[in-house]
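In: With the input below, show me the fold.
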Amino acid sequence: MAELKLPVSEEAIRELKVGDFVELTGRMITGRDAAHKWLMEDVREEVVPFMKDTVIYHCGPVIAQNDDGSYDFVAAGPTTSIREEPYQADVIGRYGLRGVIGKGGMAGRTLKGLAEHGAVYLHAIGGAAQVLARAIPSVERVFMLDEFGVPEALWVIQVDKFPVVVSMDSHGNSLHDEVEAGSKRKLEELIGL
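Out: Next up is the predicted model:
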């Protein structure tokens, strides 16, 4: 398993291939439906420094606020990524992202954007939200909390050995497409087509 320090260069991302196991350490940001829409309505200069050369995590976290006003991630499981397909390639290009974390993969437009901009799609383990939260030692800041609420806000977090698998790379390869094609072949074989 390779450790990848965030922020990361395009060159380092282009070395990754589908199937690589990676542990992420450094700064990343969360963002779901409301965040992606907001990010594309205008260039959000205030978040650019927190997105360039890092990854966005499709996650609706469970957060605890401490007495001193700081926050802790209690649960941080991935959410289904395909909902962001209309926005994702453009968000990657506009903000200089090097990756996306989620579950379930994404479609052709995002795959093309990954190749064009030098980024990858990283699959996080669904059903392991509390385990993944342990890899998030601190929250640096949050954007749009009052407007969007906890799950949809953009949380800037520090991660330490956050485990992911490359399932779409910057070379046009998609593990999701491979699994779908293999499943289709097996189904046709089983039903005699």
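In: Using the three-state scheme, assign the closest residue to residue 60 other than its chain neighbours.
Out: Once flanking residues are discounted, residue 60 sits nearest to residue 151: 3.3 Å by CB to CB, 6 or more residues apart in numbering. Backbone N, C-alpha and C define where each C-beta goes, glycine included. Here residue 151 is coil, with the state taken from DSSP: H, G, I helix; E, B strand; the rest coil.
In: Residue 151 contacts residue 75, doesn't it?
Out: No: proximity of residue 151 to residue 75 does not meet the contact threshold set by CB atoms under 8 Å, at 10.6 Å.
In: Between these two, which contacts overlap?
Out: Taking CB atoms under 8 Å, 6 or more residues apart in numbering as the criterion, residue 151 and residue 75 both touch residue 61.
In: Okay, and the beta partners of residue 101?
Out: Counting by DSSP bridges, residue 101 forms beta bridges with residue 57, residue 122.
In: and the residue nearest to residue 60, how far is that from residue 59?
Out: Distance, residue 151 to residue 59, using CB to CB, to the nearest Å: 8 Å.
In: Of those two, which one has the most company?
Out: Between residue 151 and residue 59, residue 59 has the larger neighbour count (other CB atoms under 10 Å), namely 28 against 16.
In: May I have the beta-bridge partners of the residue nearest to the more buried one when sequence neighbours are not counted?
Out: Once its chain neighbours are removed from consideration, residue 59 has its nearest residue in residue 30; the separation is 4.7 Å (CB to CB, 6+ apart). Using DSSP bridges, the beta-bridge partners of residue 30 come out as residue 57.
In: Could you verify my assumption that residue 30 touches residue 54?
Out: No: counting by CB under 8 Å, residue 30 stays clear of residue 54, with 11.4 Å between them.
In: With neighbour numbers in mind, choose between these two.
Out: Set residue 30 next to residue 54 and count neighbours by other CB under 10 Å: residue 30 wins out with 27 against 23.
In: Now do the contacts for that one.
Out: Applying CB under 8 Å, 6+ apart to residue 30 gives the contacts 56-61, 153-155, 157.
In: how about a markdown table for those, with distance to residue 37 added?
Out: Shown next, in a markdown table, are the contacts of residue 30 (distance: CB to CB, whole Å):
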| residue | distance to residue 37 |
| --- | --- |
| 56 | 13 |
| 57 | 17 |
| 58 | 14 |
| 59 | 16 |
| 60 | 15 |
| 61 | 19 |
| 153 | 13 |
| 154 | 12 |
| 155 | 17 |
| 157 | 21 |
